[in-house]
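S.K.: Predicted coordinates and the sequence they were generated for:
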Amino acid sequence: MAQVSTNIRAARDLGNAGVVKRILLGLSAARQRRQLIELDDRQLRDIGLTAEEARAEARRPVWDVPQNWLR
């Protein structure tokens, strides 16, 4: 619940510009997640992920972006 309230506060603090920023960040995350799922096992090992971790990341919703992106 704390995560949700933090996200709501962050979005409210950003105002209208924040809404646009959040949409763009979500689209960027979605694109990166699509690219991540296309990596082969060797490439995933290079970045320290397993295939299951990559699939889990790819399944995250578009609005679920890392908190450090919102700063």
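M.R.: Noted; the coordinates are in hand.
S.K.: For stretch 57-70, what is the distance to the chain centroid?
M.R.: In terms of C-alpha atoms, centre = their mean, to the nearest Å, the centre of stretch 57-70 is set 2 Å apart from its chain centre.
S.K.: which parts of it are buried?
M.R.: 65, 70 (16 or more other C-beta atoms under 10 Å). For the C-beta atoms, the positions are set from N, CA and C on the backbone; glycine is no exception.
S.K.: tell me the mean pLDDT for that stretch?
M.R.: Mean pLDDT, computed over stretch 57-70, is 85.
S.K.: distance between the ends of that stretch?
M.R.: One end of stretch 57-70 to the other measures 18 Å (C-alpha to C-alpha, to the nearest Å).
S.K.: Quick check: what element follows the helix or strand bottoming out on mean pLDDT in the chain along the chain?
M.R.: Lowest by mean pLDDT, DSSP states H and E among the helices and strands of the chain is helix 2-37, with a mean of 75. Later in the chain than helix 2-37, the nearest helix or strand by DSSP states H and E is helix 41-46.
S.K.: For that following helix, list every residue counted as buried.
M.R.: So, applying 16+ other C-beta under 10 Å, buried residues of helix 41-46: residue 44.
S.K.: Show the subsequent helix or strand relative to it.
M.R.: Sequence-wise, the next helix or strand downstream of helix 41-46 (DSSP H and E) is helix 51-58.
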